[in-house]
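# Turn this into a structure:
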Amino acid sequence: MSIDTLKSQIPDFAKDVRLNLSSMGSDESLTPAQKYGLFVACGIASRNEIVRKALVAEAAAYVDEATLTAAKAAAAIMGMNNVYYRFVHLAANKDYKTLPAKLRMNVIGNPGVPKLDFELWSLAVSAINGCGMCIDAHEDVLRKGGVTTEAIQTAVRFAAIIQSAAIAVEAADVA
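As a prediction, the model looks like this:
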């Protein structure tokens, strides 16, 4: 599978999604590791098997195993953190903010790839999962690391396109 295969599975009612997938595939504003790591992390976060397989296959042709592994780790760790920190943020009882999370997150400190790439993927997954605290935290690290507003916006745009592809594929099966 690849992005082209994925596009062929997007129904006509979601033509804009196909067009956005095309533009994402040809976008060169990020490094290959950043771009294809986003494909993997966001494909996994979409929770759609067709989208995940297509984007992981696409990425495998362009990046090494360390990048693929770190992108998978970003999706997994943000799956945990986004639930926890979204709860802390949304809960009326603010005592939760004063308690230690007691969650293992060692991969964030040592992801096996450049830290800012991992942060970019974590931000995009956090956008998919809707965790404002995590979005703010990762965006702050990226900005302090010199990542441009445009690169951050591209990462979140990719997350939005990938999530919309998952929805379009699932909607195609709705009678």
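
# In stretch 5-12, which residues are buried?
Going by neighbour count (16 or more other Cβ atoms under 10 Å), the buried part of stretch 5-12 is L6, K7, I10. Any C-beta I mention is one placed from the backbone N, CA and C, and that applies to glycine too.

# I'd like these as CSV, with secondary structure appended.
Putting those into CSV (DSSP: H, G, I helix; E, B strand; the rest coil) gives the following:
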residue, secondary structure
L6, helix
K7, helix
I10, coil
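
# Let's have these in JSON lines, adding pLDDT.
Shown next, in JSON lines, are the buried residues of stretch 5-12 (pLDDT from 0 to 100):
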{"residue": "L6", "pLDDT": "94"}
{"residue": "K7", "pLDDT": "94"}
{"residue": "I10", "pLDDT": "93"}
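
# what's around R52, how many residues?
Neighbourhood size, R52 [other Cβ atoms under 10 Å]: 21.

# V40 versus that one, what's the distance?
In this view, R52 and V40 are 8 Å apart by Cβ to Cβ, to the nearest Å.

# Tell me the buried residues in stretch 97-110?
Buried residues in stretch 97-110, defined by neighbour count with 16+ other Cβ under 10 Å: V107, I108.

# close enough to count as contact, V88 and K97?
Yes. Under the criterion of Cβ atoms under 8 Å, V88 makes contact with K97 at 5.7 Å.

# residues making contact with stretch 119-129?
Contacting residues not belonging to stretch 119-129 are listed as 30, 34, 37-38, 40-42, 45-46, 70-71, 74-75, 77-79, 81-83, 86, 108, 134-135, 138-139, 141-142, 145, 147, 151-152, 155-156, 158-160, 162-163 [Cβ atoms under 8 Å, 6 or more residues apart in numbering].

# okay, F87: pLDDT?
Note on F87: pLDDT of 96.

# I misspoke; the intended subject was A175.
As predicted, A175 sits at a pLDDT of 58.

# Next up, the contacts around N20.
I161, S164.

# which is the next helix or strand following the one helix or strand it maps to?
Using DSSP states H and E, N20 maps to helix 15-26. As assigned by DSSP H and E, the chain's next helix or strand after helix 15-26 is helix 32-45.

# Export that next one to CSV, keeping only CA atoms.
In CSV, the C-alpha atoms belonging to helix 32-45 read as follows (Å, rounded to 0.1, in the frame of the first residue of the first chain):
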residue,chain,number,x,y,z
PRO,A,32,12.0,13.4,5.0
ALA,A,33,12.3,12.1,8.6
GLN,A,34,9.9,14.7,9.9
LYS,A,35,7.4,14.2,7.0
TYR,A,36,7.4,10.4,7.0
GLY,A,37,7.6,10.2,10.8
LEU,A,38,4.4,12.2,10.8
PHE,A,39,2.8,9.8,8.3
VAL,A,40,3.5,6.9,10.6
ALA,A,41,2.6,8.5,13.9
CYS,A,42,-0.6,10.1,12.6
GLY,A,43,-1.5,7.0,10.6
ILE,A,44,-1.4,5.0,13.8
ALA,A,45,-3.2,7.7,15.8
